[in-house]
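Chemist: below are the sequence and a predicted model; questions follow.
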Amino acid sequence: MRPLALTSGAGRARRSLQRRAGEAFEQELSAAFALASARGVAWITKRPTPVAITRVSAGGVVTGKLTGSPGVDYVGALLGGRSIFLEAKRCSSGTFALDAIEQPQWSEMARVGPLGAARVLVVRWMPDTAKGRALLGGRLVAICVVPWSECERARDAREASLSAETLAKYADTTGLHWVDRLASVDPLLRVVK
């Protein structure tokens, strides 16, 4: 397994900001899924990353290692009993790079697909291009609920990323706050037919 280590300086500060932004996105997703559970339309839960701390230095640097395959971020069930597997990512470029999805996540999605599980990539997209923002109608941020089959199609076609057009196609454009919108599970149901 890969060692996890933090280093000093600008690199550590950048990783800390990225980690906090990713954690904030996951907290918002978890809040949406808690609302969905309270409404009785889904039960979706965050899976913990299997990490064991191996050392804490005198300077407070924590070193650890993955103790198992991380797999996808969220698992659960939709009203009616269908299981759902979700991978959550943030993207601040014009396209979503498929190499942001780790091999254990690809493998898990490949295993559960033939069993009938709904499989979804949820992307918080903050395009840094005029094209991306134009596709979003000028908005700076969108939540894109992309069917996993789009990821597989792009990967099979040897594409390096999901295009801005693909992300925009699955962006939630209702104008409602996305946590409440996702809690209704409608965006998920729209793509997991």
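Modeler: Good, I have the coordinates.
Chemist: the spatially most central residue of the chain is in what secondary structure piece?
Modeler: By CA atoms, centre = their mean, the mean C-alpha position of the chain lies nearest to residue 88, the distance being 0.8 Å. Assigned by DSSP states H and E, residue 88 belongs to strand 83-91.
Chemist: which parts of that strand are buried?
Modeler: Buried residues in strand 83-91, defined by neighbour count with 16 or more other CB atoms under 10 Å: 84, 85, 86, 87, 88, 89, 90, 91. From N, CA and C alone the C-beta is placed, and that goes for glycine too.
Chemist: can I get these in CSV with pLDDT and distance to residue 72?
Modeler: Listed next are those as CSV, based on pLDDT from 0 to 100; distance: CB to CB, whole Å:
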residue, pLDDT, distance to residue 72
84, 93, 10
85, 95, 5
86, 94, 6
87, 95, 5
88, 93, 9
89, 94, 11
90, 91, 15
91, 92, 17
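Chemist: next structured bit after the strand holding residue 88?
Modeler: Per DSSP H and E, the first helix or strand lying C-terminal to strand 83-91 is strand 96-97.
Chemist: tell me the angle whichever helix or strand comes after that next one makes with strand 83-91.
Modeler: Next along the chain after strand 96-97, taking DSSP H and E as the criterion, comes helix 103-112. Calculated by axes from the mean of the first three to the mean of the last three CA atoms, to 10 degrees, helix 103-112 forms an angle of 150 degrees with strand 83-91.
Chemist: who's in contact with the residue nearest to the centre of the chain?
Modeler: When contacts are counted by CB atoms under 8 Å, 6 or more residues apart in numbering, residue 88 touches 25, 26, 29, 73, 74, 122, 123, 124.
Chemist: who are the packing partners of the helix or strand harbouring the last one?
Modeler: This means residue 124. Assessed by DSSP H and E, residue 124 sits inside strand 118-125. Using 3 or more CB pairs under 8 Å, 6 or more residues apart in numbering; DSSP states H and E as the contact test, the elements touching strand 118-125 are strand 83-91, strand 142-147, helix 148-156, helix 186-191.
Chemist: now the farthest one out in the chain, which residue is it?
Modeler: Most distant from the centre of the chain: residue 58, at 34.2 Å, with distances by CA atoms, centre = their mean.
Chemist: dihedrals phi and psi, it?
Modeler: Backbone torsions for residue 58, taken as degrees, to the nearest 10, come to phi -60, psi -30.
Chemist: from now on call the first residue 715
Modeler: Understood, numbering begins at 715; the last thing we discussed is residue 772.
Chemist: let's see the pLDDT reported for it.
Modeler: pLDDT recorded at residue 772 is 83.
Chemist: ok, it - contacts?
Modeler: Residues near residue 772 by CB under 8 Å, 6+ apart: none.
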